[in-house]
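Participant: turn this into a model:
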Amino acid sequence: MTSLTPSSFRARAVDHLALAVGTTKGLFFVSDGIVDGPFMAGDHVLAFTQLPGRYLTSSTDSHFGPNVRVSVDGGTTWDEPGTRPVAFPADTSTALASVWQLHADRRPNAPDTVWAGVEPAALFRSDDRGDTFELVRGLWDHPDRETWEPGFGGLALHTVITHPARPDRIIVAVSAGGVYRSDDDGKTWTARNEGIEARFLPEHYPDHGQCVHKLAVDAVNPDVLWAQNHWGVYRTEDAGDHWASVGRPGEDDGVPSDFGFPVVAHPEEPDTAYVVPLVSDTFRCTPDGRCRVYRTMDAGQTWESTGPGLPSTNAHMTVLRDAFDVGTSLPYPLAFGCRSGHIFASVDGADSWRLVAAYLPPILCLRVLE
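Facilitator: Predicted coordinates:
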């Protein structure tokens, strides 16, 4: 019998990863070293989520515009564009630009609920597994909304987090508006940005107006959140009531830059998170031409570069906010995709990486399929 080394086990595990990959030219599936697609060829695919027996994706069709589309056969076929629109009510006098986020609710009291974060920044809710959506008026009518400003990519609600142990708690992130939380199932909302700096505003620590790029939830305590902001990596232990800067840019055991887009948390190990720093908002590429994922395992007190298997020369790469994901079952795979069309994955907590696909269109979102 042939003996497998640890590296052989890792290679085999990476090869068997199943990924859904949204790009600027359609949706692809990657599994067992095979790339399948594109589905919805030519569409911008910004978001993907899965429910039992159902995939949902956001697709911007050149004729029908932005939409949420559904597959009930594992992604082989998709409903026709225009059949399940997320649309603003007529009284808002607002047109939908993009669906940035689809989130299958984690709360046990809401197994059929799906949330859609859109541009211009708003939240929609479906209680029938994505067949129909309604605007969440509590956030749309919030007085802060008139002060939100578009980020470089637009005015988008791009992150939705539901609390598995608190049936009425929902947290969202808006670029550029900041973090907002509801503790009454979306009826009312409050800004939760204390401690987050907004260097681009006259008041550097405002109540709202921060440009948050992504949020992630800690493995053990869902009140512990991580944030990658336009400037800064932050952590909160009280569901956003207070945030602390934890990136320590420029320090020997910090991140090389506090600009970046994604942040993900390990699904089992507490205090463990991963970011992909970029040089700055004016040069959105990996520092020094080296593709690196930075990891903390002590709540952001120290960070270390993980790189074996990642390109280290002439690698001016960009990873967008939803193009990094982690699986929730063993071996807890990490995977990210780049605007260059390359996908890298790790099954050992980022100790090593392997290229699993290349030369796809620019990658906008990536999800590990369970």
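
Participant: just list the residues touching the closest residue in space to Asp184 that isn't next to it in sequence, thanks.
Facilitator: Nearest in space to Asp184, with sequence neighbours left out and distances taken as Cβ to Cβ, 6 or more residues apart in numbering, is Asp168 at 5.3 Å. The C-beta positions use only the backbone N, C-alpha and C, and glycine is treated the same way. By Cβ atoms under 8 Å, 6 or more residues apart in numbering, the residues touching Asp168 are 182-185.

Participant: the residues you listed, buried ones only, as a PyMOL selection?
Facilitator: Selection of buried members from these for PyMOL, criterion 16 or more other Cβ atoms under 10 Å:
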select buried, resi 182+183+185
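
Participant: let me have the contacts of Asp168 in a markdown table, extended by pLDDT, secondary structure and distance to Pro120.
Facilitator: Listed next are those as a markdown table, based on pLDDT from 0 to 100; DSSP: H, G, I helix; E, B strand; the rest coil; distance: Cβ to Cβ, whole Å:
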| residue | pLDDT | secondary structure | distance to Pro120 |
| --- | --- | --- | --- |
| Ser182 | 98 | strand | 19 |
| Asp183 | 97 | coil | 25 |
| Asp184 | 97 | coil | 24 |
| Asp185 | 96 | coil | 23 |
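
Participant: tell me the one among the contacts of Asp168 nearest to Val233.
Facilitator: Comparing the contacts of Asp168 against Val233 with Cβ to Cβ places Ser182 closest, at 24.6 Å.

Participant: I'd assumed Arg125 was in contact with the closest one.
Facilitator: No. Judged on Cβ atoms under 8 Å, Ser182 makes no contact with Arg125 at a distance of 11.2 Å.

Participant: list the beta-bridge partners for Gly177.
Facilitator: Gln210 (DSSP bridges).

Participant: show me the contacts for it.
Facilitator: Counting by Cβ under 8 Å, 6+ apart, Gly177 makes contact with 121, 144-145, 147-149, 155, 157, 208-210.

Participant: are any of those buried, and if so which?
Facilitator: 121, 144-145, 148, 155, 157, 208-210.

Participant: let me know whether Thr77 touches Tyr55 as I believe.
Facilitator: No. Counting by Cβ under 8 Å, Thr77 does not reach Tyr55; the two are 10.6 Å apart.

Participant: overlap in contacts of these two?
Facilitator: Common neighbours of Thr77 and Tyr55, using Cβ under 8 Å, 6+ apart, are Ser71.

Participant: which of the two has more neighbours?
Facilitator: Tyr55 (24 against 10; other Cβ atoms under 10 Å).

Participant: quick check, the more buried one in contact with Gly75.
Facilitator: Yes. The criterion here is Cβ under 8 Å, and Tyr55 meets it with Gly75 at 5.5 Å.

Participant: what secondary structure does Arg367 sit in?
Facilitator: Judged by DSSP: H, G, I helix; E, B strand; the rest coil, the three-state class of Arg367 is strand.

Participant: show me what it is bridged to.
Facilitator: Beta-bridge partners of Arg367, as defined by DSSP bridges: Ala20.

Participant: show the pLDDT at it.
Facilitator: Per-residue pLDDT puts Arg367 at 98.

Participant: got it, and Arg10?
Facilitator: Per-residue pLDDT puts Arg10 at 50.

Participant: I'd like the contacts of Gly177 as CSV, with secondary structure, pLDDT and distance to Ala273 appended.
Facilitator: Conversion of the contacts of Gly177 to CSV gives the following (DSSP: H, G, I helix; E, B strand; the rest coil; pLDDT from 0 to 100; distance: Cβ to Cβ, whole Å):
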residue, secondary structure, pLDDT, distance to Ala273
Ala121, coil, 98, 25
Asp144, helix, 97, 28
Arg145, helix, 97, 29
Thr147, helix, 95, 30
Trp148, coil, 96, 26
Glu149, coil, 92, 27
Leu155, coil, 96, 26
Leu157, strand, 98, 22
His208, coil, 96, 24
Gly209, coil, 95, 24
Gln210, strand, 95, 19
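
Participant: put together CSV for those, with distance to Phe28 on each row.
Facilitator: As requested, the contacts of Gly177 are exported to CSV (distance: Cβ to Cβ, whole Å):
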residue, distance to Phe28
Ala121, 28
Asp144, 38
Arg145, 35
Thr147, 39
Trp148, 33
Glu149, 34
Leu155, 28
Leu157, 25
His208, 37
Gly209, 36
Gln210, 33
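
Participant: from these, pick the one nearest Cys365.
Facilitator: Taking the contacts of Gly177 together and measuring to Cys365 by Cβ to Cβ, the closest member is Leu157, at 14.9 Å.

Participant: write down the beta-bridge partners of the closest one, one by one.
Facilitator: Note on Leu157: beta-bridge partners by DSSP bridges are Val174.

Participant: list the contacts of it.
Facilitator: Applying Cβ under 8 Å, 6+ apart, the residues contacting Leu157 are 100-101, 117-119, 121-123, 172-174, 177.

Participant: again with Phe48
Facilitator: Phe48 neighbours (Cβ under 8 Å, 6+ apart): 20, 22, 27, 55-58, 102, 365, 367.

Participant: next: Val279.
Facilitator: Counted by Cβ under 8 Å, 6+ apart, Val279 has contacts 257, 259, 285-287.

Participant: please apply the same query to Gly178.
Facilitator: Gly178 neighbours (Cβ under 8 Å, 6+ apart): 191-193, 196, 208-210, 212.
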